[in-house]
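> One predicted model, sequence on top.
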Amino acid sequence: MRQHPIPPVSEPLQYRAIGLVRGVFVPEDSALPTRGVLRTSDGCELEVVVLGRLLTLLRRHLDISQPHLWVAYPRSRDDHSLHLQLMGVWEPSTLAKDASADTPPLEDTLPEGDDYFSLRGELIYTRPESGDVVLKVRQLPRADGTRPTPFKLHLNGCIPMEHLRHFVSIDGRRQGQHLGVDRFEAIAELPQRGNRGGKARRGGRYGGERRGGGERRNGGERPAAGERRAAGERDARPEGRPAAVESRGGPSAAAPRTHSRAVIRPRP
């Protein structure tokens, strides 16, 4: 069994947001315990949802009337309050009964203590004078290849302005209904995508560049003005051939005809 519910970082710029909160889970519906509140020892009630992988464990092996140390993904509500997605429980004394006799027992407590959060992402807002911090966290693509929308975490803490737009690692701590910054480390400055107005994106994360300055989203160069042809335009005609008439409703005709939508091209 793994020695810690939060795995070590595998890449320098690995995004993540995961933490540990101890409390009693009170479901809204005991027959379908997919959402409810988590009552903590300091008297807070945090809104939570239970992810599918945890439902079987919750129903068959846990006494939910007792407090447990829950492994959770944090999210921020519009009012910056904390919302949790419960994805596991750290309780080796209860769940690691199949361990061999020569394996030392794992403790239910952790060195970081309860209410610890490991947060890694892009610092997109910081205001040291008011203690406001916003971290953008990206998620891995889903199994079908779609990319989940990045989410923002609001924290209370002081991070200097010089670290704005840097990838940072934060040791967070739950403070009532909010997350706070215990310690942070600036890992690297992140390349910024172009501003509005046609500047090209940097990094190519979305598989192409923003249009602007003669570049095209799907790669290649935009044709010069003299090289572009309007939709339906034909190649140059030999001398002596009559001018063609093109309309929105069909192909070119051999001779001019009257039509309200027709565009008559002069003979070369």
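Happy to help now that I have it.
> what ranges do the helices span in the stretch 51-200 of the chain?
Ranges of helices in the stretch 51-200 of the chain, per DSSP state H, counting those that start in this stretch, are 52-60, 92-95.
> For the longest one, which helices and strands make contact with it?
In terms of contacts (3 or more Cβ pairs under 8 Å, 6 or more residues apart in numbering; DSSP states H and E), helix 52-60 is packed against strand 82-89. C-beta: built from backbone N, CA, C; applies to glycine.
> switch the cut-off to 6 Å
Contacts defined by 3 or more Cβ pairs under 6 Å, 6 or more residues apart in numbering; DSSP states H and E place helix 52-60 against no helix or strand at all.
> Could the C-alpha coordinates of that helix be exported in CSV?
What follows is helix 52-60, C-alpha atoms only, in CSV (Å, rounded to 0.1, in the frame of the first residue of the first chain):
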residue,chain,number,x,y,z
GLY,A,52,-18.0,7.4,-8.5
ARG,A,53,-14.8,5.5,-7.5
LEU,A,54,-15.5,6.1,-3.8
LEU,A,55,-19.2,5.1,-3.7
THR,A,56,-18.6,1.3,-3.3
LEU,A,57,-16.1,1.9,-0.5
LEU,A,58,-18.4,4.3,1.2
ARG,A,59,-21.4,1.9,1.1
ARG,A,60,-19.6,-1.3,2.1
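> contact partners of it?
Outside helix 52-60, the residues within contact range by Cβ atoms under 6 Å, 6 or more residues apart in numbering are Leu86, Met87.
> on that earlier part again, could I get the helices of the stretch 51-200 of the chain in TSV, plus columns for mean pLDDT, mean neighbour count and distance to Gly23?
What follows is those, written out as TSV (pLDDT from 0 to 100; neighbours: other Cβ atoms under 10 Å; distance: least, Cβ to Cβ, whole Å):
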stretch	mean pLDDT	mean neighbour count	distance to Gly23
helix 52-60	87	12	14
helix 92-95	79	14	16
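> Kindly reformat these as CSV containing distance to Ala143.
Conversion of these to CSV gives the following (distance: least, Cβ to Cβ, whole Å):
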stretch, distance to Ala143
helix 52-60, 14
helix 92-95, 27
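> and Glu112, which of those is closest to it?
Closest to Glu112 of the helices of the stretch 51-200 of the chain, according to Cβ to Cβ: helix 92-95, at 15.8 Å.
> so where's the stretch 101-250 of the chain shaky on pLDDT?
The model of the stretch 101-250 of the chain has pLDDT under 70 over residues 101-106, 194-250.
> 50 - rerun?
Judged by pLDDT under 50, the stretch 101-250 of the chain has its weakly predicted residues at 197-250.
> Now do the nearest residue to Val71 once chain neighbours are set aside: how many residues are near it, please.
Once flanking residues are discounted, Val71 sits nearest to Gly88: 3.8 Å by Cβ to Cβ, 6 or more residues apart in numbering. Applying other Cβ atoms under 10 Å, we find 17 residues neighbouring Gly88.
> roughly how far apart are Gly88 and Pro141?
Per Cβ to Cβ, to the nearest Å, Gly88 is found 22 Å from Pro141.
> Can you say which of the helices of the stretch 51-200 of the chain is nearest to Leu32?
helix 52-60 (9.2 Å).
> Direction-wise, compare the closest one with strand 82-89 and give the angle.
Inter-element angle recorded for helix 52-60 and strand 82-89: 70 degrees (by axes from the mean of the first three to the mean of the last three Cα atoms, to 10 degrees).
> quick one: buried residues of stretch 79-96?
For stretch 79-96, the neighbour count (16 or more other Cβ atoms under 10 Å) marks 80-82, 84-92, 95 as buried.
> among the helices of the stretch 51-200 of the chain, which is nearest Met161?
Closest among the helices of the stretch 51-200 of the chain, using Cβ to Cβ: helix 52-60, at 39.6 Å.
> Nearest to Ala186, out of the helices of the stretch 51-200 of the chain?
Of all the helices of the stretch 51-200 of the chain, helix 52-60 comes closest under Cβ to Cβ, at 33.5 Å.
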